[in-house]
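1. got a sequence here, can you build the structure:
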Amino acid sequence: MMRGLKNLPIQKKLVGMMMLITTTVLLIGFGLIIMHDIDAFKKYLRDNTIVNAKLVGDYCVSPLAFDDAEGAQDILDKLKAPLLQQAVLYDLKGNVFAWFSNANDGKLMPIPDDILNHLRQPWNAFEEDSIKVFQPIFFKNKFYGGIYIQKSTEELQAQINYRLMWFIVLITLLLGIAYLLAYKFQAMISQPISSLSEVTQRLSFEKNYTIRVSPVGDDEIGTLYQSFNNLLEELQKRDAELLQHQNQLEDLVDQRTLELRQAQAELVNKERLATIGQVTATVSHELRNPLGTIRLSIFSIGEKLRHKNLGIDKALERAERNIVRCDGIIRELLDYTRVSVLRLEMVNIDTWLKKISDDFTIPAGVDFVMDLQADTELYIDSAKLCRVMINLIDNACQAMQEDENVTTESLLLQSQSDGNKVELKVIDSGPGMSEEVLAQIFQPLFSTKGFGVGLGLPMVKQIIEQHHASIEVCSELGCGTTVTIAFPLKD
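-> Here you go, the predicted model:
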């Protein structure tokens, strides 16, 4: 049944819902009215019967007082009416004093026991098809007996039937009017939705996303129309973009292929670096012990021959310098392969740069300037970052002094902050680098110098990345080099 209702046209659904709501409201409303009328008429019937019982009781005081049963019977006989089923007069001891009954057999109908047990208390009740009333008879506060009246509720039933008949007539009339109104006004909702349904069917067959629906108002349906038009516009844009992508498919494939090659090259480079690291660590460890033995042996030879004027003092000093140089290379190799945990401390970056500037070796003739404006506190490993700054300063100075074409040797150390990051810049006026050299400066064992093993800048990058910072080198032949280290500021 529910599936059948779901498949009905929206016009019938709307009319059906309106009629269901209207019928429910009318049934509830008229039901409440009838219930109220029935209660009111029952109260009227009960009150009227009680008043009649009291009047009969007042008339029966004299017959009860003088034990006049015939007089009492005459009074009761005058009460006979089609709706009065029976009346019973009791004396003060609860005995039947006079009575009459409209029963077919002329006998008394059953009387509730509560009446005889409580003669001095009034009582009434609706039972089945009758109302039963008992009223005690008092005169000047003296009790004489009681009167019991049982009356038919046919009048009540007639009132109920009368109201039900009018209820059915009015319900039928109002439902007819409601149906006409519902059928007329459902078009305000169903017609726009039907129109939208027709447009969607056209779209599914024609695939023409330039179709638009005309707005019908500013209500929810108008919003639905506008949203549908927006969707069609997005679909139209999507088709245009797809067509554009189709035209550029070859370029996209080439781009993806290049990215894959770059990813593969990066993976190969990482594997190469890992292998170099393992070999470097092994070779450095194996060289350090024999190098120490050589250094100790040369020292012993020097001590024994130093004052014998054999002309070997300079040779011994040269050997000592080269041993120290080799030891430095080994230490640099080991430091690169064994990454240690940072020992972070909070420093004011400007104050810290001023402090470590005493460790910089600035050659004569180089104009060194510090422009420190960051004034920001950072967590850094002071020793490792100091090594970074010394390395960058030394590289800049060596580049400027080794090139004879550099006429002005200037070096700027700059710090600045924009609230999101702190930047440290080392700017030199050296000869700069070509794009080919610039692309390889962070590769281990790459060097343009005649000495060293090419681990300075790779180690610098390693330390910077440990600080979750970034390093960028901008250079152009004949225009100097700028190295920028950026530290993000975290909450």
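2. where does pLDDT dip in the stretch 351-491 of the chain?
-> By pLDDT under 70, the low-scoring segments of the stretch 351-491 of the chain are 403-407, 445-454, 491.
3. break down it into its strands, ranges please.
-> Using DSSP state E, counting those that start in this stretch, the strands assigned to the stretch 351-491 of the chain run over residues 367-372, 377-381, 410-417, 421-428, 470-475, 481-488.
4. identify each buried residue in the last one, please.
-> Neighbour counts over strand 481-488 (16 or more other C-beta atoms under 10 Å) mark 481-483, 485, 487 as buried. (Each C-beta comes from the backbone N, C-alpha and C, glycine too.)
5. right, and out of those, which lies closest to D350?
-> Out of the buried residues of strand 481-488, the one with the shortest distance to D350 is F487. That distance is 13.0 Å, counting by C-beta to C-beta.
6. just to revisit the earlier point, right, and the strands of the stretch 351-491 of the chain - which one's nearest E154?
-> Shortest separation from E154 across the strands of the stretch 351-491 of the chain is recorded for strand 481-488, at 96.2 Å, computed as C-beta to C-beta.
7. which strands border that closest one, and is each parallel or antiparallel?
-> Strands adjacent to strand 481-488 in the sheet, as given by DSSP bridges, are strand 421-428 (antiparallel), strand 470-475 (antiparallel).
8. can you list the buried residues in the first one?
-> Residues 421-428 are the ones in strand 421-428 that count as buried (16+ other C-beta under 10 Å).
9. tell me which of the residues you listed is nearest to A399?
-> Of all the buried residues of strand 421-428, A399 sits closest to D428, with 6.5 Å by C-beta to C-beta.
10. re earlier: relative to V347, which of the strands of the stretch 351-491 of the chain is closest?
-> Go through the strands of the stretch 351-491 of the chain one by one with C-beta to C-beta and the one that ends up closest to V347 is strand 377-381, at 6.1 Å.
11. isn't F368 up against L413?
-> Yes - F368 sits in contact with L413 when judged by C-beta atoms under 8 Å, with a separation of 7.5 Å.
12. neighbour-wise, which of the two wins?
-> Each of F368 and L413 has its neighbours counted (other C-beta atoms under 10 Å); L413 has more, 21 against 17.
13. which non-adjacent residue is nearest the more buried one?
-> When the adjacent residues along the chain are set aside, L413 lies closest to M370, with 4.7 Å between them (C-beta to C-beta, 6 or more residues apart in numbering).
14. export the strands of the stretch 351-491 of the chain to JSON lines and tack on distance to Q244?
-> Written out in JSON lines, the entries for the strands of the stretch 351-491 of the chain read as follows (distance: least, C-beta to C-beta, whole Å):
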{"stretch": "strand 367-372", "distance to Q244": "48"}
{"stretch": "strand 377-381", "distance to Q244": "46"}
{"stretch": "strand 410-417", "distance to Q244": "42"}
{"stretch": "strand 421-428", "distance to Q244": "37"}
{"stretch": "strand 470-475", "distance to Q244": "34"}
{"stretch": "strand 481-488", "distance to Q244": "36"}
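15. of these, which is nearest K78?
-> Comparing those by their distance to K78 (C-beta to C-beta), the top pick is strand 481-488, with 112.1 Å.
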